[in-house]
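A.B. asks: Kindly return the folded structure for what I paste below:
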Amino acid sequence: MMRARKSAPNSMISQRAGLSGGALISSARTRMLRVIGLAAFALLPTAAAWAQESSAAQEFTVPDTTSYLLIGLFVIALILGIWTVRLIVRFRSLRQDEATLEALEGE
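C.D. replies: Residues are numbered from 1 along each chain as shown. Below you'll find the model as predicted:
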């Protein structure tokens, strides 16, 4: 048999919805976000019309940044090249050190 739970009048339990105070705040936030979203959606046609009428939007051209792209790729390739050369030099140095240690152990 299920008993009804009695709650104090000052508790955070809503008698009407059966939700805790956190859930009530969450649902209030959700409602607020929905209202804001609907308002923003309603303003979209106005913003689009303003952008079309604006002369700055019609005169805007995309700058040519190809040279910056090529310079960036060159710098990255240079860094990778230097890293690769240093890796090869270190590997050869380790091989020489290993050969020297083996020669000293053999004596």
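A.B. asks: Per the annotation, how does this protein divide into domains?
C.D. replies: As given by automatic domain parsing, the domain ranges for the chain are 13-43, 66-107.
A.B. asks: JSON lines for these, including mean pLDDT, mean neighbour count and distance to Glu59?
C.D. replies: C-beta: built from backbone N, CA, C; applies to glycine. Listed next are the domains of the chain as JSON lines, based on pLDDT from 0 to 100; neighbours: other Cβ atoms under 10 Å; distance: least, Cβ to Cβ, whole Å:
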{"stretch": "domain 13-43", "mean pLDDT": "66", "mean neighbour count": "11", "distance to Glu59": "24"}
{"stretch": "domain 66-107", "mean pLDDT": "95", "mean neighbour count": "10", "distance to Glu59": "22"}
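A.B. asks: okay if I get those as TSV plus distance to Phe60?
C.D. replies: TSV is the format used below for the domains of the chain (distance: least, Cβ to Cβ, whole Å):
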stretch	distance to Phe60
domain 13-43	22
domain 66-107	19
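A.B. asks: residue ranges of the helices in this structure, please?
C.D. replies: According to DSSP state H, the chain carries its helices in the segments 21-53, 55-59, 66-106.
A.B. asks: Look up how far Phe74 lies from Thr66.
C.D. replies: 13 Å (Cβ to Cβ, to the nearest Å).
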